[in-house]
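J.: 3D, please:
(one chain, ligands or ions: 1)
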Amino acid sequence: MDIALTEEEQRLVETARAFAADVVAPRAADWERDRVMPREAIRAAVEAGLGSLLVPKEHGGQGASRTTLARVAEELSAVDMAFAFSLVVHNNHLNSIANAGNPEHIERYLPRMLTGEVIGSFLLTEPQGGSDAAAITTSATRDGDGWRLNGRKAWVTNAAEADLLSVYAQTDPDKGWRGIATFQVEAERDGVVREAPYSTLGAHAMGTGGFRFEDCRVEDRAMLLPPGDGFKFAMSGIDLARACVAAMCCGILRTSLDVALGYAAGRRAFGQRIADFQGLQWQLADVATDLHAARLMAYEAMRLIDAGQAAAIEAAHAKKFATRVALTGVAECMQAMGADGYKHDFPLARHLACAKMGQYIDGTTEIQNVVIGRALLKPYID
Ligand SMILES: Cc1cc2nc3c(=O)[nH]c(=O)nc-3n(C[C@H](O)[C@H](O)[C@H](O)COP(=O)(O)OP(=O)(O)OC[C@H]3O[C@@H](n4cnc5c(N)ncnc54)[C@H](O)[C@@H]3O)c2cc1C
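T.: Predicted coordinates for the structure are as follows:
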């Protein structure tokens, strides 16, 4: 499909492809096996310009389109979605400071994030739930000329290595989402407890884990977004995040299909190539059709977002569809490879775990249906 990128943006996509091949591909299986969050590789990707894609050029970023972010994420995800997502989270944190921060925030936080010396993160979800994000209970209470943070955050991507935490906290429970503000908190600050990374089905390279805030005092200037704006800002980026997950799922499905096709062309059974069995061809043809549809949906959502148009429904459709077909498609590709597809010698098992992860991050499949269902019913019940 024709995805409009400038020459400079195209070069960033090529940089991502080369970085994925040269740096990520040789190591991704080891990161997963050893459960390592590859801090140095993330820093190298940031230094290569892949960590500040949306940050305006005047602030030292790439000033690229949202579509470029998705294309870069797709290329990295084609090798390792965990690495890609980790970098997307860093990009988004950096971008939120560049766009919503005052000059002091920008001067204080941006330079070291732009070099990858400081790794970012996004702390909204809590142990008691993520879908109902407005119900968070981590509290921020006034303390002289600053704030005290108390509470727990869960499912923080990059938690294992994050240096700067973008923390969503409630300043006034009576106000619901209007009381939620965003604070920039250094991970090594007193009162911040980094919990051990989770043991999950896969994607350990993104170091997902939790944090506790125990009477953590921050200055007033740590507040990036005041009550009300914090939650609105988080929600304003959600369509982009969802379409980006869809693009990442296209990456893992693309690789899985390539691997399965190559395998099927070389493997023989009953005196012929397994690729010549029509049943197997059709099985992979269905995966290719799903991939084609998922890409069209992901990049149509991105096109709308870049054009500043409403994209909530398109992003929800894209995320729901792409994560679903990634999960079924990777499994079909593994099946086409017989028991070999099940081995860690091939990357498909890693991709399968990431496809499942895609169904939770940035809103579950059910929440996409909530968005779509509400829009479908709106003309009938308003
Ligand atoms: C690997 C990974 C990385 C993550 N990284 C981050 C991160 O960096 N920062 C962050 O803040 N969060 C992160 N998350 C959290 C993610 O956003 C949440 O998992 C997600 O929002 C769902 O929340 P939950 O898991 O608490 O499920 P719950 O909200 O407890 O939902 C449980 C079940 O109920 C369903 N459900 C809930 N509400 C409805 C409804 N209204 N209608 C129908 N069904 C419903 C859900 O779909 C789900 O099936 C990450 C998650 C994962 C798995």
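J.: Show me the residue at the heart of this structure, geometrically.
T.: For the chain, the residue nearest the mean C-alpha position is residue 85 (3.7 Å; C-alpha atoms, centre = their mean).
J.: Can you tell me the SS state at it?
T.: helix (DSSP: H, G, I helix; E, B strand; the rest coil).
J.: need the contact list for it.
T.: 73, 77, 157, 203, 206, 245, 248, 357, 361 (C-beta atoms under 8 Å, 6 or more residues apart in numbering). The way it works is simple: take the backbone N, C-alpha and C, and place the C-beta from them, glycine included.
J.: Next secondary structure element downstream of the host helix or strand of residue 354?
T.: Assessed by DSSP states H and E, residue 354 sits inside helix 348-358. Next helix or strand after helix 348-358 toward the C-terminus (DSSP H and E): helix 365-381.
J.: average pLDDT across that following helix?
T.: For helix 365-381, mean pLDDT rounds to 97.
J.: Going by contacts, tell me the helices and strands next to it.
T.: Under the contact criterion of 3 or more C-beta pairs under 8 Å, 6 or more residues apart in numbering; DSSP states H and E, helix 365-381 touches helix 312-336.
J.: Return the set of buried residues in the helix it packs on.
T.: 312-327, 329-336 (16 or more other C-beta atoms under 10 Å).
J.: anything in that helix near the ligand?
T.: No. Applying C-beta under 6 Å from any ligand atom, one finds helix 312-336 separated from the ligand by no less than 11.2 Å.
J.: how deep is the closest residue in space to residue 145 that isn't next to it in sequence tucked in, by neighbour count?
T.: Counting by C-beta to C-beta, 6 or more residues apart in numbering, residue 145 lies nearest to residue 220, which is 5.5 Å off, once chain neighbours are set aside. Neighbourhood size, residue 220 [other C-beta atoms under 10 Å]: 12.
J.: Tell me the pLDDT of residue 220.
T.: pLDDT, residue 220: 96.
J.: residue contacts, it?
T.: Residue 220 neighbours (C-beta under 8 Å, 6+ apart): 145-147.
J.: Distance to residue 165 for the residues you listed - can I get that in a markdown table?
T.: Putting the contacts of residue 220 into a markdown table (distance: C-beta to C-beta, whole Å) gives the following:
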| residue | distance to residue 165 |
| --- | --- |
| 145 | 21 |
| 146 | 16 |
| 147 | 14 |
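J.: just checking, which of those belong to strands?
T.: Members of the contacts of residue 220 lying in strands (criterion: DSSP state E): 146-147.
J.: about what we covered before: just want the angle from the helix holding residue 354 to helix 365-381.
T.: Calculated by axes from the mean of the first three to the mean of the last three C-alpha atoms, to 10 degrees, helix 348-358 forms an angle of 40 degrees with helix 365-381.
J.: Which elements pack onto helix 348-358?
T.: Secondary structure elements in contact with helix 348-358, counted by 3+ C-beta pairs under 8 Å, 6+ apart, are helix 28-34, helix 81-100, helix 238-266, helix 312-336.
J.: go with 10 Å
T.: Secondary-structure packing of helix 348-358 (3 or more C-beta pairs under 10 Å, 6 or more residues apart in numbering; DSSP states H and E): helix 28-34, helix 66-77, helix 81-100, helix 238-266, helix 312-336.
J.: Out of those helices, indicate the one that is most buried.
T.: Burial of the helices and strands packed on helix 348-358 is given as mean neighbour count (mean count of other C-beta atoms under 10 Å); helix 66-77 ranks first at a mean of 28.
J.: Is the ligand within reach of that one?
T.: No. When contact is scored as C-beta under 6 Å from any ligand atom, no part of helix 66-77 falls within range of the ligand; the minimum is 13.6 Å.
J.: and that helix, how far out from the chain's middle?
T.: Remark: helix 66-77 is offset 10 Å from the chain centroid, using C-alpha atoms, centre = their mean, to the nearest Å.
J.: Quick one: mean pLDDT for that helix?
T.: Rounded mean pLDDT across helix 66-77 is 98.
J.: again, but for stretch 289-306
T.: 98.
J.: Would you mark the buried spots in it?
T.: For stretch 289-306, by 16+ other C-beta under 10 Å, it's 290-291, 294-295, 297-306.
J.: How about stretch 370-382?
T.: Residues 371-372 are the ones in stretch 370-382 that count as buried (16+ other C-beta under 10 Å).
J.: which residues sit against it?
T.: Here stretch 370-382 makes contact (C-beta atoms under 10 Å, 6 or more residues apart in numbering) with 131, 238-239, 242, 312-317, 319-320, 363-364, 366, 369.
J.: contacting residues around the strand or helix carrying residue 19?
T.: Per DSSP H and E: residue 19 is located in helix 7-19. With contacts defined as C-beta under 10 Å, 6+ apart, helix 7-19 is touched by 3, 5-6, 24-25, 41, 44-45, 48-50, 53, 62-65, 67-79, 83-84, 87.
J.: Could you export it as CSV, CA atoms only?
T.: Provided in CSV are the C-alpha atoms of helix 7-19 (Å, rounded to 0.1, in the frame of the first residue of the first chain):
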residue,chain,number,x,y,z
GLU,A,7,12.5,11.1,2.1
GLU,A,8,13.7,11.9,5.6
GLU,A,9,11.0,9.8,7.1
GLN,A,10,11.7,6.9,4.7
ARG,A,11,15.3,7.1,5.9
LEU,A,12,14.2,6.7,9.5
VAL,A,13,12.2,3.6,8.5
GLU,A,14,15.3,2.2,6.7
THR,A,15,17.4,3.0,9.8
ALA,A,16,14.9,1.0,11.9
ARG,A,17,15.1,-1.9,9.4
ALA,A,18,18.9,-2.0,9.5
PHE,A,19,18.9,-1.6,13.3
